[in-house]
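Engineer: coordinates for the following, if possible.
(2 chains)
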Amino acid sequence: MAQAQPAAGKPRPKFLDLSQIRLPLPAKVSILHRASGILMFLAMVWVLYLLDRSLSSAEGFAAIQAYFSWRIVKLALIVLIWALCHHFCAGIRYLFLDLHKGLDLKTARATSVAVFVVSIALTIFFGARIW
Amino acid sequence: MVKRIVTGAHYGSRDWLAQRVTGALMAVYIVILLVVFMTGSPVSYAVWKDIFAQGWLRVATLMFAASLAWHAWVGMRDVVMDYVKPDGLRLALQVGIVLLLAGYLAWAVQILWR
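Structural biologist: Below is the predicted model of the structure:
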């Protein structure tokens, strides 16, 4: 399809150089909320497999335990833990925003910082526990 | 202000609400599950199995899985609508996502009640 011309006449300016765009903090929370959601969607099959195998029998449980002695597997799980923590914290922030709480710029920036601080702290906490 | 004639179609508000309600439900479940794990650290098969043998936790986990399927459907549909422009590909991806999530939900039931 040809480039759609907006009704107003002049084409909208487009600037999509990702290396040049400086996203404000709340926008970073937002795009990572989306990215972490996609990541968890893709990882669902892995998590279901782990749950299935570990609950199937004592042998299955032992196999999964052995599987998690691999550093790379632990690392993958930590990435997933981060995705969940970020999605969780950002999600709670969005629930408050939907209720029109914390909409002013100062609060919105502060809660964005809080999302990063809390989700990274939780990732370190749970990551250390499984390492 | 846009005046809409309501004809029985919905304009996304139901999906919007469903995503938030399922999100809140899942948040509660995750906190409960963490408490369960903290109180009985699942380091052996017997403990791990007993945790998921509890009837209430099975039901709660099923509700979590159903919420997750619905939540992920709305989210992934939004992602597909944002980035995939060709109609055929978009429809195919959306159908694929629905089938995948439905399959995962059935798998979760199978895991919980084997």
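
Engineer: enumerate the residues of chain A near chain B.
Structural biologist: Counting by Cβ under 8 Å from any Cβ of the partner chain, the residues of chain A close to chain B are A:34, A:37-38, A:40-41, A:44-45, A:48, A:51-52, A:54-58, A:61-62, A:84, A:88, A:91-92, A:95, A:98. For glycine as for every other residue, the C-beta is placed from the backbone atoms N, C-alpha and C.

Engineer: middle-most residue in chain A, spatially?
Structural biologist: A:Ser36 (2.5 Å; Cα atoms, centre = their mean).

Engineer: which strand or helix spans that one?
Structural biologist: For A:Ser36, the host element (DSSP states H and E) is helix A:25-56.

Engineer: before we move on, what about A:Lys106?
Structural biologist: Using DSSP H and E, the element containing A:Lys106 is helix A:105-130.

Engineer: so what does that helix touch, helix or strand wise?
Structural biologist: With contacts defined as 3 or more Cβ pairs under 8 Å, 6 or more residues apart in numbering or on different chains; DSSP states H and E, helix A:105-130 has these neighbours: helix A:25-56, helix A:71-98.

Engineer: between those helices, which one is nearest to B:Phe64?
Structural biologist: helix A:25-56 (11.8 Å; Cβ to Cβ).

Engineer: and the closest one, what does it pack against?
Structural biologist: helix A:58-67, helix A:71-98, helix A:105-130, helix B:45-53, helix B:55-83, helix B:87-112.

Engineer: just the angle between the shortest one and helix A:58-67, please?
Structural biologist: Read that as helix B:45-53. Helix B:45-53 and helix A:58-67 are oriented at 110 degrees to each other (axes from the mean of the first three to the mean of the last three Cα atoms, to 10 degrees).

Engineer: residue contacts, the residue of chain B found nearest chain A?
Structural biologist: Residue nearest to chain A within chain B (Cβ to the nearest Cβ): B:Tyr45, separated by 3.9 Å. By Cβ atoms under 8 Å, 6 or more residues apart in numbering or on different chains, the contact set of B:Tyr45 is A:54, A:57-58, A:61-62.

Engineer: how about a cut-off of 6 Å?
Structural biologist: A:58, A:61 (Cβ atoms under 6 Å, 6 or more residues apart in numbering or on different chains).

Engineer: could I get the pLDDT score of it?
Structural biologist: Listed pLDDT for B:Tyr45 reads 94.

Engineer: so which of the helices and strands packed on helix A:105-130 gets nearest B:Ala102?
Structural biologist: Here helix A:25-56 is closest among those (Cβ to Cβ), at 12.3 Å.

Engineer: from A:Ala76, how far out is the residue nearest the centre of chain B?
Structural biologist: Centroid-nearest residue in chain B: B:Leu68, 1.2 Å away (criterion: Cα atoms, centre = their mean). Note on B:Leu68: its distance to A:Ala76, by Cβ to Cβ, to the nearest Å, is 19 Å.

Engineer: contacts only, for the closest residue to chain B within chain A.
Structural biologist: Nearest residue of chain A to chain B: A:Phe61, at 3.9 Å (Cβ to the nearest Cβ). Each residue near A:Phe61 by Cβ under 6 Å, 6+ apart is listed here: A:54, B:45.
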